[in-house]
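[1] return a 3D structure for these sequence lines:
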Amino acid sequence: MLHICCGPDATWPAKLLLDEGFEVVGYFFGSNVQPREEYLRRREAVSRVAESFGLDLVEDEYMPELWLERVRGLEGEPEGGRRCRLCFYLQLRRAAQVCRRVGASSFTTTLTVSPHKDVRLISELGGRISSLVGVEYMDVVFRRGDGFKRSVAMSRELGLYRQNYCGCVFSRR
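    Residues are numbered from 1 along each chain as shown. Here you go, the predicted structure:
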């Protein structure tokens, strides 16, 4: 299962995993994305990537109120701070749960294609969640080998919407 944070970031990881012979199921969690119009634009881009690569796609319910409740008290945190850590945890935990529910053998995340994300933190969280949920976490840093540049080029080729903030209302500021 490939946890997908957005369409552009999914392009290179999907291609790489498919080229390596994996059967890939995409999973999109967007409850952290606000406003709703932004979520819908990102969901459309994710759907286009899934269609382009022939991926089955599991879309989670959009529940921004629940996400906001979970990060309450962390609104003033800087980008990359405790709020982001919790957001990554929530996304990866849900991806692992869905992975287990659909019978996939392992999960990984497109979060590691971005040069703006802490891959050590993501790896740590993925490993911890793997133990808690009972599914394997594939610790892949997709930005290696010019992965980010490749994802940008591929998203241009597909005409995908590329956002300019991570998604949450606090990062939009």
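[2] burial count for the residue lying closest to R70 once chain neighbours are set aside?
    The shortest distance from R70 to any non-neighbouring residue, by C-beta to C-beta, 6 or more residues apart in numbering, is to L90 (6.1 Å). Bear in mind the C-beta positions are built from the backbone N, C-alpha and C, glycine included. By the criterion of other C-beta atoms under 10 Å, L90 has 18 neighbours.
[3] now do the SS call for L90.
    Of the three states, L90 takes helix under DSSP: H, G, I helix; E, B strand; the rest coil.
[4] kindly report the same for Y165.
    coil.
[5] could I get the full set of helices for this protein?
    7-19, 36-53, 64-70, 82-102, 119-133, 147-158, 169-172 (DSSP state H).
[6] and the shortest one, what's buried?
    The neighbour-count check on helix 169-172 (16 or more other C-beta atoms under 10 Å) flags V169, F170, S171 as buried.
[7] now, among the residues you listed, which is nearest to A10?
    Nearest to A10 out of these is S171 (C-beta to C-beta; 19.1 Å).
[8] residues contacting the closest one?
    Applying C-beta atoms under 8 Å, 6 or more residues apart in numbering, we find S171 in contact with E79, Y165.
[9] so how far is V25 from it?
    27 Å (C-beta to C-beta, to the nearest Å).
[10] can you tell me the closest non-neighbouring residue to C87?
    Using C-beta to C-beta, 6+ apart, the closest residue to C87 is N32 (5.4 Å).
[11] what about that neighbour, distance to K15?
    25 Å.
[12] between the two, which is the more surrounded one?
    A count of neighbours by other C-beta under 10 Å puts N32 above the other of N32 and K15, at 26 against 18.
[13] low-confidence ranges in the chain?
    Counting by pLDDT under 70, the chain shows no low-confidence range.
[14] and with 90 instead?
    Along the chain, segments meeting pLDDT under 90 span 164-166, 171-173.
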